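Trainee: fold the stuff below for me.
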Amino acid sequence: MKPNLADPRWQTMAWQDGFGVGNAVIDADHKRLFELFNEFVTAVNEFRADSEIQDVLRELLDYTDTHFDREETLMREHGYPDYTAHKALHDSFVRQLHDVNSALDAGGEKGAFVLGFLAKWLSGHILGVDTKLGAYLRDRGVEA
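Mentor: Numbers count the residues shown, from 1 in each chain. Below is the predicted model of the structure:
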């Protein structure tokens, strides 16, 4: 299936200052996640080989794991009260992303699903729960 590039699922996402949570480490990770998401969108839009698309998605998966480990360490070190719920969201996202990666058909509906799923989760998670985490860390003087 040829992607409909007017469909927002197939478009890159620009980092905006409003996505910042006020912690330099977390914000740098989020920016990198946006870059990897955009690489994935570009790979799909350019009809690259499935193996290339899966390589980009695998890199996104690996970096997501690294980022979640960093966030979860910060939460534990600073006694974040919503740690358990936040970690559960991370775990759920990673499971879903691994499931999608295993079944990815980059040129078809699964590719569209992956893009929509990632875009919604990336912006929604950052603007929702990560913003709360950033505020909590700032209130405790944790900047990086």
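
Trainee: what are the phi and psi values for K31?
Mentor: Phi and psi for K31, reported as degrees, to the nearest 10, are phi -60, psi -40.

Trainee: nearest spatial neighbour of it, chain-adjacent residues omitted?
Mentor: Closest residue to K31 in three dimensions, ignoring its sequence neighbours and counting by Cβ to Cβ, 6 or more residues apart in numbering: W15, at 5.4 Å. Backbone N, C-alpha and C define where each C-beta goes, glycine included.

Trainee: give me every residue that touches that neighbour.
Mentor: 30-31, 34 (Cβ atoms under 8 Å, 6 or more residues apart in numbering).

Trainee: SS state for it?
Mentor: Of the three states, W15 takes coil under DSSP: H, G, I helix; E, B strand; the rest coil.

Trainee: where's it relative to R48, distance?
Mentor: Going from W15 to R48 by Cβ to Cβ, to the nearest Å gives 23 Å.

Trainee: same question, T84
Mentor: 39 Å.

Trainee: looking at the two, which one has more neighbours?
Mentor: Taking neighbours as other Cβ atoms under 10 Å, T84 and R48 compare with R48 leading, 16 against 9.

Trainee: name the element the more buried one belongs to?
Mentor: Element membership for R48, per DSSP states H and E: none, as it lies in no helix or strand.

Trainee: for A88, give me phi and psi.
Mentor: Per-residue torsions, A88: phi -60, psi -40 (degrees, to the nearest 10).

Trainee: neighbours of it, just the number please.
Mentor: By other Cβ under 10 Å, neighbour count at A88 equals 11.

Trainee: check what pLDDT it gets.
Mentor: A88 carries a pLDDT value of 97.

Trainee: quick one, what contacts F34?
Mentor: Contacts of F34 (Cβ under 8 Å, 6+ apart): 13-15, 19, 122.

Trainee: what do you get if the cut-off is 6 Å, keeping everything else the same?
Mentor: Residues near F34 by Cβ atoms under 6 Å, 6 or more residues apart in numbering: 13, 15.

Trainee: helix or strand for it, which one?
Mentor: Counting by DSSP H and E, F34 is found in helix 24-45.
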